[in-house]
Every structure is written in structure tokens, then in C-alpha cells.
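Student: mind looking at a prediction? Sequence and model below.
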Amino acid sequence: PCVRSMQIDYDDEVEYKGAQCLYDLARAPQGKPFFLTVSYTHPHPPFVAPQKHWDMYRREDIDAPRVPPIPYEELDEHSQWLYVAHAQDIYSVSDEQVLNARHAYYGMVSFLDDNIGKVLLALQESGLADSTRVIYSTDHGDNLGNRHMWGKSVHYEEACAIPMIIAGPGIGAGRVCDTPVSLVDIYPTILQSVGLAPDSL
């Protein structure tokens with residue numbers, strides 16, 4: 001648990017500025033589409049969460065990594081490089097530390113959810129929600145101790161599978177797309193959302 005961190009300060013400011021921008025847009029004459037990026041740092045190392053968000057999870061409910069550690073000599077060459085680059089050949093991480101990190105990560109996700117909720121509330125209050133599409137995505141996942149790995153930089157599911165949620169006018173509620181998508185798919189989707197052909201720019 002953490003009272004404040006640089007990332008908490010940063011994301012609180014991002015939330016405030018994002019909401020304020022929506023109110024500013026609502027005050028301005030309407031006439032053309034807007035594009036607003038609200039980019040948070042959570043969840044991200046260091047694994048610390050505000051006490052409120054840490055307390056949303058009971059310790060006994062924190063799951064252990066589903067994939068056990070892989071001995072160094074059995075790792076592929078890239079994973080061996082990461083093992084050394086992350087100083088795992090120097091420092092050991094206990095099972096308790098792994099559970100602490102995962103606990104904090106879940107708390108960080110809840111902190112992020114709260115901040116996104118505040119921006120969506122501003123979107124609603126400003127009267128822009130009915131004419132605005134919202135895309136939520138992230139750039140990568142985290143291994144979170146699976147295979148005794150942390151962070152990204154590998155093509156394992158935990159590190160590269162990310163959420164992508166699109167909501168707003170013209171988007172069917174509760175629909176799930178089973179087709180794999182990529183971050184590069186966001187660009188043409190945004191252009192289409194404002195009435196431009198994907199190859200128009």
C-alpha cells in the first residue's frame with residue numbers, strides 16, 4: 001500500500017486535465033469532431049497501490065502465477081537475456097513478494113478504473129456522451145510472475161494480450177469480437193468514427 005507515488009500524482013493530473021478538456025469542449029461551439037487522448041501510467045511498476053484500492057482485495061484471494069518458474073538453462077535465449085537484464089541472477093523474489101506484487105497490481109487496476117470512471121462521468125455531465133465514441137486499450141500486459149518473469153518484452157499471453165473496449169453511438173452494447181485485433185486497428189477505426197476513409201490521410 002502507498003499514500004502517494006509519482007505515478008499516482010501523474011495519473012490524478014491526467015484524470016483532472018482530461019475531464020477539464022471535456023468541459024472546455026462542451027463550452028465551445030459544436031461543429032466538428034474532437035479527438036482526446038487520456039493516457040495513464042497505471043498499472044505499472046513499481047507495484048504500489050493506494051490503501052483504498054489495496055483493500056479492495058483480500059489477501060487470501062490473491063492468486064499465484066499459473067505458470068511456475070522455468071529454470072534458467074531451460075529458458076529460450078531471449079528469456080535468458082531478460083533474466084539477466086532484470087537482475088534475477090542477483091536478486092531472488094520470494095513467494096510472498098510475488099503475492100504482494102500481484103495484490104498491488106490488482107489495486108492499481110482498480111485505481112485506474114476509478115480514474116477512467118471520473119473522465120467518463122465528465123463526458124456524461126458535459127452532454128458529449130451521446131455523440132462520442134470511447135476506445136479503451138493498453139500497450140501491453142505484464143507477466144506478473146508467470147515463469148518467474150515480470151514486465152513485457154515477450155510474446156507470452158500475459159504480456160501481449162491486451163483489452164480493447166469500444167463504446168458509444170453505433171456500437172452494439174455487450175458485443176464481443178472473437179477476431180484478434182491489434183493496436184494498428186485503432187487508427188482506421190478512429191478515422192471511420194469521424195467519417196473519414198481509413199486511407200484518406
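Tutor: Yes, it's here.

Student: can you count the residues close to Asp11?
Tutor: Using other Cβ atoms under 10 Å, Asp11 has 23 neighbouring residues. The C-beta positions use only the backbone N, C-alpha and C, and glycine is treated the same way.

Student: now do the contacts for it.
Tutor: Contact partners of Asp11, counting by Cβ atoms under 8 Å, 6 or more residues apart in numbering, are 40-42, 111-112, 115.

Student: just the buried residues of those residues.
Tutor: 40, 42, 111-112, 115 (16 or more other Cβ atoms under 10 Å).

Student: identify the farthest-apart pair in the residues you listed.
Tutor: Tyr40 and Phe111 (9.1 Å; Cβ to Cβ).

Student: helices - which of the contacts of Asp11 land there?
Tutor: 111-112, 115 (DSSP state H).

Student: pLDDT and distance to Ile190 added to these, as CSV?
Tutor: Below are these laid out as CSV (pLDDT from 0 to 100; distance: Cβ to Cβ, whole Å):
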residue, pLDDT, distance to Ile190
Phe111, 98, 27
Leu112, 97, 21
Asn115, 96, 22
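
Student: same list (these) but as TSV, adding distance to Gln80.
Tutor: Formatted as TSV, the ones in helices among the contacts of Asp11 follow (distance: Cβ to Cβ, whole Å):
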residue	distance to Gln80
Phe111	34
Leu112	32
Asn115	37
